[in-house]
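S.K.: Sequence first, predicted model second:
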Amino acid sequence: MLPTPDNVLNWVLFTPLVGGIILLFIPGTMKDAIRWLANLFFLLGFVVSLPLVLWFNKGTSDFQFVITADWIPSLGVQYRIGIDGISFLLVMLTTLLGVIASLSSWSFIQERVKEYYVMFLFLQAGMLGVFMALDLFLFYVFWEVMLVPMYFIIGIWGHERRLYAAIKFFLYTLLGSVLMLLGILAVYFYHADLHFAGMECPALGIAGHTVTEAYTFSVPVYLEFGRALPADWQFWIFWAFFVSFAIKVPMVPFHTWLPDAHTEAPTAGSVILAGVLLKMGSYGFMRFSLPMFPDAAREAVPYVVGLSIIAILYGALVCLMQKDMKKLIAYSSVSHMGFVTIGIFALNQVGLEGSLLQQINHGLSTGALFLLVGLLYERRHTREIAEFGGLSTPMPMFAAIYLIISLASLGMPLLNGFVGEFVILVGVWDVNKTWAILSALGIVLAAAYLLWLYQRTMFGEVTNPKNQGLADLNFREAVTLIPLVVLCFWIGIYPKPYFDVMRPSIQALVQRVSAQAAPVSAEVPSVPVAVPVEEAAAR
């Protein structure tokens, strides 16, 4: 059966999962066959996602390509997936970076090749599931499951301090996940109280429907229902979700796991960490925190904006002090993701559109930077900045691509980073000019540390004899980088298609979180959950 609008998301989601299962039955000694097959499944996963570009309806904010099946009927849990303009862009980014990261691992991974690609394919399926899930229980399952393969990727195929970095990554994320689970359960049982009372639920926005009929973990239902929560419930549940998503972004002060994980992970692991995993936190803010808890989100704006500005400036200043190329790029992610979060909590359409575009931009440009550092590490087995210099002489193609990606990351006009950061600053300026000015300082600092890094590694004489004979990019390495360069120019020159895709969904999100939005209310009945429906109704 070929992909159709009715089943295409199943194809996208299960292709890497099926590939990982098939690899389990191939002998580990057949390394080349494993590499070819794994890369084929990553490529196939990207190919089957391409019809989404043609079939996606850019004129609606509704979820599209929805697939629903009962899973745990007694709890109202469903296998329910779908995408809108927000998740569509992130799904496409994930399938693209999956192909590139897998191909970049071809020569770097020499030990336990089979297990590596199995973990990577399972990780790909988990990340896609997070962006597609339209059931809160299913979302949480994917959110947790994808931790396991990334833990092993860092802990087994990472560098010297890989076990420390892997455990730190796992514990930080698990802590946030537990808080989010408590928040999900709080909303669920609040919902269950109304269910057992047999009450009409204004939060559903569907006339004549009782809570009994909507006893479910369905995300569209809960986005409406969360707005009906009392103010104190919204406050505590918002912050439970917030910590989980803030750890994943990561926001200051929850960021300390990131430099270690990035530095110790293999190259492909760093690409996926920067390109996709960090976006799960910002996606969570846009999918759940803002529309489900709008009152609490508006009250949290000054605090979140403050943390975002600290992240922008602190991350950039720390970059100026780094001696390790990979750690420098890791801290740059803290700074760049600060722009993403401040754009989200500007709570206006311009800021949110810029934030979503910047999530895509960061995935492309920072992912490419990690690829470039990984290529140098394969050749020299060091990431110390002092070990390099004058690399543009033996590696001219590498130096040219590195320059383009660096300019994209610092926000040079005609490249993708400029569009995202400019739109974010316009959205923030509309709310508070001081916030925008402080954020703009991060762009200046980004130019300082990125250009300084480029100057120290690419310009000058080749003083270290170990660098004189370094090979330039081969065909496979060029194939992993050129698509990212093309996309950086495309978004920088003509970003309109991306804004067209996201605009209806962003408009709907702004309407939900706006202070002028129609209030939704639903009283909590004083009925124990265990009371039968008939008795509750009699009361």
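M.R.: Nice, I can see it.
S.K.: The lengthiest helix in the chain packs against which elements?
M.R.: Ranked by residue count under DSSP state H, the longest helix found in the chain is helix 162-197. On a contact count with 3 or more Cβ pairs under 8 Å, 6 or more residues apart in numbering; DSSP states H and E, helix 162-197 meets helix 136-145, helix 147-157, helix 219-226, helix 231-248, helix 257-264, helix 533-538. To be clear about C-beta, it is placed using only N, CA and C from the backbone, and glycine gets the same treatment.
S.K.: what does the fourth one rub up against?
M.R.: In other words, helix 231-248. Contact with helix 231-248 is made by 172-173, 175-177, 179-180, 182-183, 186-187, 190, 226, 229, 254, 257, 277-278, 280-282, 284-285, 288-289, 292-293, 295-297, 299-300, 304, 307, as judged by Cβ atoms under 8 Å, 6 or more residues apart in numbering.
S.K.: Write the ChimeraX selection for whichever of the residues you listed are buried.
M.R.: Buried subset of these, written as a ChimeraX selection, criterion 16 or more other Cβ atoms under 10 Å:
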select :172,173,176,177,179,180,183,187,190,226,229,254,257,277,278,280,281,282,284,285,288,289,292,293,295,296,297,300,304,307
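S.K.: what ranges of the stretch 401-539 of the chain fall below the confidence cut-off?
M.R.: Judged by pLDDT under 70, the stretch 401-539 of the chain has its weakly predicted residues at 515-539.
S.K.: how near is residue 251 to residue 504?
M.R.: Distance of residue 251 to residue 504, given as Cβ to Cβ, to the nearest Å: 28 Å.
S.K.: ok now the longest helix of the chain, how far from the chain's centre?
M.R.: With Cα atoms, centre = their mean, to the nearest Å as the basis, helix 162-197 stands 18 Å off its chain's centre.
S.K.: What average pLDDT does that helix get?
M.R.: In this model, helix 162-197 has a mean pLDDT of 82.
S.K.: can you put the helices and strands packed on helix 162-197 in a markdown table and add distance to residue 75?
M.R.: Shown next, in a markdown table, are the helices and strands packed on helix 162-197 (distance: least, Cβ to Cβ, whole Å):
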| stretch | distance to residue 75 |
| --- | --- |
| helix 136-145 | 7 |
| helix 147-157 | 23 |
| helix 219-226 | 14 |
| helix 231-248 | 19 |
| helix 257-264 | 32 |
| helix 533-538 | 17 |
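S.K.: most packed of those helices?
M.R.: When neighbours are counted by mean count of other Cβ atoms under 10 Å, the highest per-stretch mean among those falls to helix 257-264, a mean of 24.
S.K.: tell me the angle the longest helix of the chain makes with helix 257-264.
M.R.: In terms of direction (axes from the mean of the first three to the mean of the last three Cα atoms, to 10 degrees), helix 162-197 departs from helix 257-264 by 140 degrees.
S.K.: quick one, helix 162-197 and helix 136-145 angle?
M.R.: For helix 162-197 against helix 136-145, the angle by the same axes, to 10 degrees is 170 degrees.
S.K.: For stretch 151-161, list the C-alpha coordinates in PDB.
M.R.: What follows is stretch 151-161, C-alpha atoms only, in PDB (Å, rounded to 0.1, in the frame of the first residue of the first chain):
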ATOM      1  CA  TYR A 151      21.300   7.900  26.300                       C
ATOM      2  CA  PHE A 152      23.000   4.900  24.700                       C
ATOM      3  CA  ILE A 153      24.200   6.900  21.700                       C
ATOM      4  CA  ILE A 154      26.000   9.300  24.100                       C
ATOM      5  CA  GLY A 155      27.000   6.700  26.600                       C
ATOM      6  CA  ILE A 156      28.400   4.100  24.200                       C
ATOM      7  CA  TRP A 157      29.700   5.900  21.100                       C
ATOM      8  CA  GLY A 158      30.600   9.200  22.800                       C
ATOM      9  CA  HIS A 159      34.000  10.500  23.900                       C
ATOM     10  CA  GLU A 160      36.000  10.300  27.100                       C
ATOM     11  CA  ARG A 161      33.400  11.500  29.600                       C
END
